[in-house]
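Colleague: Sequence plus the predicted model coming up.
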Amino acid sequence: MKRKLFLFIAAFLLFTGCGGNFNSDNEAAVKSISGMEIGITPKTIRVGMPAQLSVTVTLSSGEQFEGLTTSFDDPNTNEMLPVKWLSSNEYSADIGDGATLIPGAPGTVTIRVDLMGKTQSKTVRIFDAYSPSLSPDPDESVAEEDVETEEGTEEEALEGAVCRGHAVSVVSFTAGSGSGFGADSLPGIVLGPPQGAGEARGSTHVLSLGRYGEVVLGLGSCALVDGAGVDLIVFENAFFISGDIENPYAELGIVGVSENGVDYFEFTCAEDGFPYTGCAGWNPVYSSPSNSITPFDVISAGGDHFDLADLGVGAARYVRIRDAGTAGFGTSVGFDLDAISVVNGIREAP
């Protein structure tokens, strides 16, 4: 037995002494990356419409792996190595489960991928959800260079164009008593598209205003206008109690709009009983980046609908939501804001 052990040790020392290593060749082959290329589908990124991220990796051996999203299966060790993604501006575009890019506001964002200590970056432009001056079909893939203008900025070129979008800033937040839930995630938690959980339960992607608290949201360059039908959707986290559509768990909010950020016009909220016409916070939210329901679909997205024609207001650049004094518990008292959608908008100079 001792003789066999001696021979094994001698053989091992001879192998390593000659520069051998049981794992080094495999590790070197896998960890030597000669190229990485980030892919995004579709090519045109629009607010509220998730896109799929992927990366193609080429090893120094010439072996290529396409369409990697969240992990890389090391062919030599069978080890699952993580593919890590990072957004330079999570308010413009966050990265969700499954390497999904979730565009929240128009602008540019740099996406970075990290695999085995190697990184690659790609800067992408995010457009409004709907802009006929760019493409008649929101789902059509348009190369970025096809929409560049030779003179002036993109904002100048698009001024006056129809647009859709979400809140891009929190102008102010006045917490009411019992608020606190979601406050540590401001402003991002109320910017961009909603993350609805359907009619059976409320989403936790919300900011609780607290009793009589209020929040003011800025719309940036995509101003709200009075168009055909619903102009604005406000998303809370209401749900139907025991599936009864006439018995929603409602934490009501009073919605106001303003062009100058000073003078507000408020929708009349029937808060005394169901149906809570003119109030926000009583209809479930179905739209989410995890499904195919866009947050601008007034039939399927859910949320509470508002038409500027009811106020006699032509346009607005700010939306204010005030808690109506409804109950709650813990740190989630009052109206719980998820997001808002500008259904009818027009591009204005910032």
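Modeller: Received the coordinates, thanks. Residues are numbered from 1 along each chain as shown.
Colleague: ok, residue 44 touching residue 127?
Modeller: Yes: applying CB atoms under 8 Å, one finds residue 44 in contact with residue 127, separated by 6.5 Å. C-beta here means a position set from N, CA and C on the backbone, and glycine is covered the same way.
Colleague: can you count the residues close to residue 164?
Modeller: 22 (other CB atoms under 10 Å).
Colleague: Roughly how far does it sit from residue 312?
Modeller: 23 Å (CB to CB, to the nearest Å).
Colleague: Equivalent analysis for residue 304, please.
Modeller: 20 Å.
Colleague: Which residue of these two possesses the greater neighbour count?
Modeller: Using other CB under 10 Å, the more surrounded residue of residue 304 and residue 312 is residue 304, with 26 against 8.
Colleague: bridging residues for that one?
Modeller: On the basis of DSSP bridges, residue 304 is bridged to residue 234.
Colleague: tell me the contacts of it?
Modeller: By CB atoms under 8 Å, 6 or more residues apart in numbering, residue 304 lies in contact with 233, 234, 235, 236, 255, 279, 280, 281, 282, 283.
Colleague: same question, residue 92
Modeller: Residues near residue 92 by CB under 8 Å, 6+ apart: 103, 104, 105, 106, 107, 108, 109, 126.
Colleague: hmm, try it at 10 Å
Modeller: The contact partners of residue 92, taken as CB atoms under 10 Å, 6 or more residues apart in numbering, are 45, 47, 102-109, 124, 126, 168, 188, 191-192.
Colleague: Buried ones only from these, please, as a ChimeraX command.
Modeller: For the buried members of the contacts of residue 92, the matching ChimeraX selection, counting by 16 or more other CB atoms under 10 Å, is:
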select :45,47,102,103,104,105,106,107,109,124,126,168,191,192
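Colleague: now, which of the contacts of residue 92 sits nearest residue 322?
Modeller: Minimum distance to residue 322 across the contacts of residue 92 is 19.1 Å, recorded for residue 191 (CB to CB).
Colleague: Next, the contact list for that closest one, please.
Modeller: Counted by CB under 10 Å, 6+ apart, residue 191 has contacts 90-92, 94, 104-105, 166-170, 217-218, 339-340.
Colleague: where's the spatially most central residue of the chain, which helix or strand?
Modeller: Nearest to the mean C-alpha position of the chain, by CA atoms, centre = their mean, lies residue 102 at 3.7 Å. Using DSSP states H and E, residue 102 sits in strand 100-103.
Colleague: averaged over its residues, what pLDDT does that strand have?
Modeller: Model confidence over strand 100-103, given as mean pLDDT, is 85.
Colleague: helices or strands up against that strand?
Modeller: strand 45-46, strand 51-59, strand 84-87, strand 93-96, strand 107-115, strand 118-127 (3 or more CB pairs under 10 Å, 6 or more residues apart in numbering; DSSP states H and E).
Colleague: Do a quick rundown of the strands in the stretch 201-350 of the chain.
Modeller: 207-208, 214-218, 222-225, 232-235, 239-240, 248-249, 253-258, 265-266, 304-306, 315-316, 318-323, 336-337, 339-347 (DSSP state E, counting those that start in this stretch).
Colleague: So which of the ones you listed is nearest residue 72?
Modeller: Among the strands of the stretch 201-350 of the chain, strand 339-347 sits nearest to residue 72 (CB to CB), with 33.7 Å.
Colleague: Each with direction, which strands does that closest one pair with?
Modeller: Here, using DSSP bridges, strand 339-347 pairs with strand 162-165 (antiparallel), strand 222-225 (antiparallel), strand 232-235 (antiparallel).
Colleague: most neighbours per residue, which of those strands?
Modeller: strand 232-235 (a mean of 27; mean count of other CB atoms under 10 Å).
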